[in-house]
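Trainee: what shape does this take:
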Amino acid sequence: MALKEMGLNGESDANIMAPWTKTELNRLAEFAGDLPRPRIAGAYNTWAVKNGFALRSAKAINVKAYKCGMSLRAIGTYMKTGAIAEVLGINATTVEQWGIRYPDFPRQKINSHYYIHRTDLRRWAAKHKHLFGGIPYCNLVQLLEDESLAEAILENHPARPTGLEASRRPVRCITTNTVYPSISAAARAAHVTYQAIAFAIREQRLCCGLQFELIDASDSSTMPTMRQLSHIRDS
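Mentor: Here you go, the predicted model:
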């Protein structure tokens, strides 16, 4: 049966007008807030087909959730950067910058919005513990759902990183094997904007014919000298 005939595109359908049962509402409550909003209707209707319940359009599902006081904001298995920031008690811009400065930040684009799977975020946090340093233990456990990881983070990084530590991470030009102390320094050397370098790193694309990557501070053997950096700033 085509999607249109099944009533998944918002067309009127006898099944869509069927009264909601308690079982259906319980299932909708499980999906609401746990999955990205664009995926709720698909997940619900997949469940409905398997269990012999009426199919519902995305609009019908949204309206019913609203009337029942269910939040469709992703705060469960999937979360947006804003929700992550709220749980951690930090600025939303900080979390958004993780997606720019760290190419391995596990965000997924779904219908023009970025979502982060909580399991992927937990793995990522284990690799970048310093970014979560100084955040209250309860907040870390609430987000990461891993007490051992929260303890390891605070044991090794009891304080929040300073603005300089949080924003500066060495950048290597893979093409020339030159390492710069930050994205800003690499941008000055290439005579482009900060955003151009950050985008090239995140999307793994060339910028002015050059390829860049973020590296750990310990891997900076070809870092430019202060005289070279002064020349870059003055050029």
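
Trainee: what is the neighbour count of the nearest residue to Arg205 once chain neighbours are set aside?
Mentor: Leaving aside its sequence neighbours, Arg205 sits nearest to Phe199 (CB to CB, 6 or more residues apart in numbering; 7.3 Å). Placement of C-beta: from N, CA and C, glycine included. Phe199 sits with 14 neighbouring residues when counted by other CB atoms under 10 Å.

Trainee: who touches stretch 23-41?
Mentor: Defining contact as CB atoms under 8 Å, 6 or more residues apart in numbering, one finds that stretch 23-41 is touched by 8, 20, 43-44, 47-48, 51, 53-54, 56-58, 61-62, 64-65, 68, 70-78, 110-111, 113, 115.

Trainee: which among those residues count as buried?
Mentor: 8, 20, 43-44, 48, 53-54, 56-58, 61-62, 64-65, 70, 72, 74-75, 78, 115 (16 or more other CB atoms under 10 Å).

Trainee: in helices, which of those appear?
Mentor: Judged by DSSP state H, helices contain the following of the buried ones among the contacts of stretch 23-41: 43-44, 48, 58, 61-62, 64-65.

Trainee: how about a markdown table for those residues, with distance to Leu35 and pLDDT added?
Mentor: Shown next, in a markdown table, are those (distance: CB to CB, whole Å; pLDDT from 0 to 100):
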| residue | distance to Leu35 | pLDDT |
| --- | --- | --- |
| Ala43 | 6 | 96 |
| Tyr44 | 9 | 96 |
| Ala48 | 15 | 96 |
| Ala58 | 12 | 93 |
| Ile61 | 11 | 95 |
| Asn62 | 13 | 93 |
| Lys64 | 16 | 94 |
| Ala65 | 12 | 94 |
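
Trainee: which one of these sits closest to Glu147?
Mentor: Ala43 (29.4 Å; CB to CB).

Trainee: so what's the closest one up against?
Mentor: By CB under 8 Å, 6+ apart, the neighbours of Ala43 are 31, 35.

Trainee: and it, how far is that from Phe53?
Mentor: 13 Å (CB to CB, to the nearest Å).

Trainee: what do you get for Glu203?
Mentor: Between Glu203 and Phe53 the distance is 42 Å, computed by CB to CB.

Trainee: again with Pro161
Mentor: For Pro161 relative to Phe53 (CB to CB), the value is 49 Å.

Trainee: what does Leu154 give?
Mentor: 46 Å.

Trainee: how about Leu149?
Mentor: Distance of Leu149 to Phe53, given as CB to CB: 39 Å.

Trainee: one more: Ala189?
Mentor: 60 Å.

Trainee: now do Pro136
Mentor: Relative to Phe53, and taking CB to CB, Pro136 is found at 42 Å.

Trainee: could you do Gly76 as well?
Mentor: 22 Å.

Trainee: how much space is there between Ser112 and Val63?
Mentor: 22 Å.

Trainee: which of the two has more neighbours?
Mentor: Under the criterion of other CB under 10 Å, the comparison of Ser112 against Val63 puts Val63 first, with 12 against 6.

Trainee: any idea of the pLDDT on that one?
Mentor: Looking at Val63, its pLDDT stands at 94.
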